[in-house]
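J.: Pasting the sequence and the predicted coordinates here, then a few questions.
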Amino acid sequence: MRDKHPIHTTLSTDAMKVLDRYEKELGAKNIVLERALLGMDKLRFKEKVDTQNISRIIRRIKTGIPGFDGLIEGGIPEGFVVVVTGPPGTGKTTFSLQFLYEGVKNNERCIFFSFEENAEQLINQSIRFGWDFGQYIDKGYLEVFGFSRFSTEEIIEIIDIFKPKRIVFDSLNIFSDDTDFRRSIQWRNILREIKDKKITCISITEKKFGFSANKFDDFDFMGDAVIFFDKKQRHDIDPYPAYYMYPQKMRLTKLNEIPFKFVFTDHGIELKIEAHIDRNIVCNTLDANKARLEYIATIDHEIRISLNSIIGFSELMKDKIRGDLNEKQEHYVHNVLESSKQLLQLIQPKS
């Protein structure tokens, strides 16, 4: 007889005894009786958790973004759905392409579903950063579907046949309206397929506001993680924006919930850790002294680069608009130059 009455059933203990008796007498399972009893079970649709096979080890998937994985304990937990969100033109698609490139480099199968760009545009965008997606498409490691108009069943079939480890959806705003998204049976079916197969997924969504608005939509709530992308004007005399990514949520992960500056390089996105940011999470896997020295050297180097840029830009602006500034503006530019030069002298390495 069973040691315990199963918790995932509404059958009485007497009914379970009857089933046990018949099975013992026949020496085998009585399928007919078992199915009849199952038909009486009001909890037969309840999903049962296999507690014996739950993994206690969190496998993390590297993003390929220099400086970012160290902030999220080494990478995104495998099988997570990550919502990458923010206003247009903030680097969301580039981040996602770089995430897939990291996968195909390591012989992982990947899929990109774009609902608003064609495949050629995406390939050209990747070429700009030196990512040869073409060879991985030819080798069968990557599939790019541009202007995707697949049904839910077709998307699930593609996932089932291709068996990817990484998927990107760009963007879900085209796929579904945010007000109906959480109730969407179609998306829930896709989500179940992704979760069952432990596929790590990036779902891009669009926002009409930056992270300073401190607002959320229904897309954000369905993710295991949310990374907000934004850009801000530095100040009036600098026409170029600064770009930020802000990890707002990631389950099973300790986060510094602050915006991190990043830049677009010839090889993709790269994080720039600012001097004022707590680097404890970044350095938690390093020897303490080594981490401290590395941190100081990195910060000193970045500050010197920044100060040299400020000095060069200020002198250039001063020469270009000489005579067009009023006394207050000239005084401001002069102070910026002098302060930057003094700071640079203080942190110059001793010869």
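T.: That came through fine.
J.: Low-confidence stretches in the stretch 101-250 of the chain?
T.: Low-confidence segments of the stretch 101-250 of the chain, defined by pLDDT under 70: 176-182, 213, 235-238.
J.: hmm, try it at 80
T.: 175-184, 209-219, 233-239 (pLDDT under 80).
J.: which stretches of the stretch 101-250 of the chain form helices?
T.: 119-128, 133-139, 152-162, 172-175, 178-181, 185-196, 218-221 (DSSP state H, counting those that start in this stretch).
J.: quick one, which of those is nearest to residue 23?
T.: Checking the helices of the stretch 101-250 of the chain against residue 23 by Cβ to Cβ gives helix 185-196 as the closest, at 30.8 Å. The C-beta positions use only the backbone N, C-alpha and C, and glycine is treated the same way.
J.: and that closest one, what does it pack onto?
T.: Helices and strands touching helix 185-196, by 3 or more Cβ pairs under 8 Å, 6 or more residues apart in numbering; DSSP states H and E, are strand 81-86, helix 152-162.
J.: again, only this time at 6 Å
T.: Applying 3 or more Cβ pairs under 6 Å, 6 or more residues apart in numbering; DSSP states H and E, we find helix 185-196 packed against helix 152-162.
J.: CA atoms only for the helix it packs on - export them in PDB, please.
T.: Output in PDB follows, covering the C-alpha atoms of helix 152-162 (Å, rounded to 0.1, in the frame of the first residue of the first chain):
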ATOM      1  CA  THR A 152       1.300  31.100 -32.200                       C
ATOM      2  CA  GLU A 153       1.200  27.500 -33.400                       C
ATOM      3  CA  GLU A 154       3.900  28.300 -36.100                       C
ATOM      4  CA  ILE A 155       6.200  30.000 -33.600                       C
ATOM      5  CA  ILE A 156       5.900  27.000 -31.200                       C
ATOM      6  CA  GLU A 157       6.500  24.600 -34.100                       C
ATOM      7  CA  ILE A 158       9.700  26.500 -35.100                       C
ATOM      8  CA  ILE A 159      10.900  26.400 -31.600                       C
ATOM      9  CA  ASP A 160      10.200  22.700 -31.300                       C
ATOM     10  CA  ILE A 161      12.000  21.900 -34.500                       C
ATOM     11  CA  PHE A 162      15.000  24.200 -34.200                       C
END
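J.: What average pLDDT does the helix or strand that contains residue 20 get?
T.: Counting by DSSP states H and E, the element that carries residue 20 is helix 13-26. Taken as a whole, helix 13-26 has a mean pLDDT of 72.
J.: Please work out which of the helices of the stretch 101-250 of the chain is packed deepest.
T.: Per residue and on average, the most neighbours among these fall to helix 172-175, with a mean of 20 (mean count of other Cβ atoms under 10 Å).
J.: still on that earlier bit, any chance of the helices of the stretch 101-250 of the chain in CSV, plus distance to residue 64?
T.: Output for the helices of the stretch 101-250 of the chain, formatted as CSV (distance: least, Cβ to Cβ, whole Å):
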stretch, distance to residue 64
helix 119-128, 12
helix 133-139, 13
helix 152-162, 20
helix 172-175, 22
helix 178-181, 28
helix 185-196, 20
helix 218-221, 24
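J.: closest to residue 78 out of those helices?
T.: helix 185-196 (11.1 Å).
J.: Could you figure out how far the closest one is turned away from strand 81-86?
T.: Angle between the axes of helix 185-196 and strand 81-86 is 120 degrees (criterion: axes from the mean of the first three to the mean of the last three Cα atoms, to 10 degrees).
J.: Can you show me the CA trace of helix 185-196 as CSV?
T.: Presented in CSV, the C-alpha positions along helix 185-196 are these (Å, rounded to 0.1, in the frame of the first residue of the first chain):
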residue,chain,number,x,y,z
ILE,A,185,-3.6,32.7,-24.3
GLN,A,186,-1.4,32.9,-27.4
TRP,A,187,1.5,34.3,-25.5
ARG,A,188,1.0,32.0,-22.5
ASN,A,189,1.3,29.0,-24.9
ILE,A,190,4.6,30.4,-26.3
LEU,A,191,5.8,31.2,-22.8
ARG,A,192,5.1,27.6,-21.6
GLU,A,193,7.1,26.2,-24.6
ILE,A,194,10.0,28.5,-23.7
LYS,A,195,9.9,27.6,-20.0
ASP,A,196,9.5,23.9,-20.6
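J.: what residues does it touch?
T.: 152, 155-156, 159, 201 (Cβ atoms under 6 Å, 6 or more residues apart in numbering).
J.: Can I get those residues in TSV including distance to residue 78?
T.: Below are these laid out as TSV (distance: Cβ to Cβ, whole Å):
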residue	distance to residue 78
152	24
155	21
156	20
159	16
201	11
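J.: Among those residues, which one sits closest to residue 22?
T.: Looking across the contacts of helix 185-196 and measuring by Cβ to Cβ, the closest to residue 22 is residue 156, at 39.6 Å.
J.: Now do the contacts for the closest one.
T.: Residue 156 touches residue 193, counting by Cβ under 6 Å, 6+ apart.
J.: Next: residue 142.
T.: Contacts of residue 142 (Cβ under 6 Å, 6+ apart): 104, 110, 133, 136.
J.: at 10 Å instead, please
T.: Applying Cβ atoms under 10 Å, 6 or more residues apart in numbering, we find residue 142 in contact with 100-101, 103-104, 108-112, 123, 133-136, 162, 164, 166.
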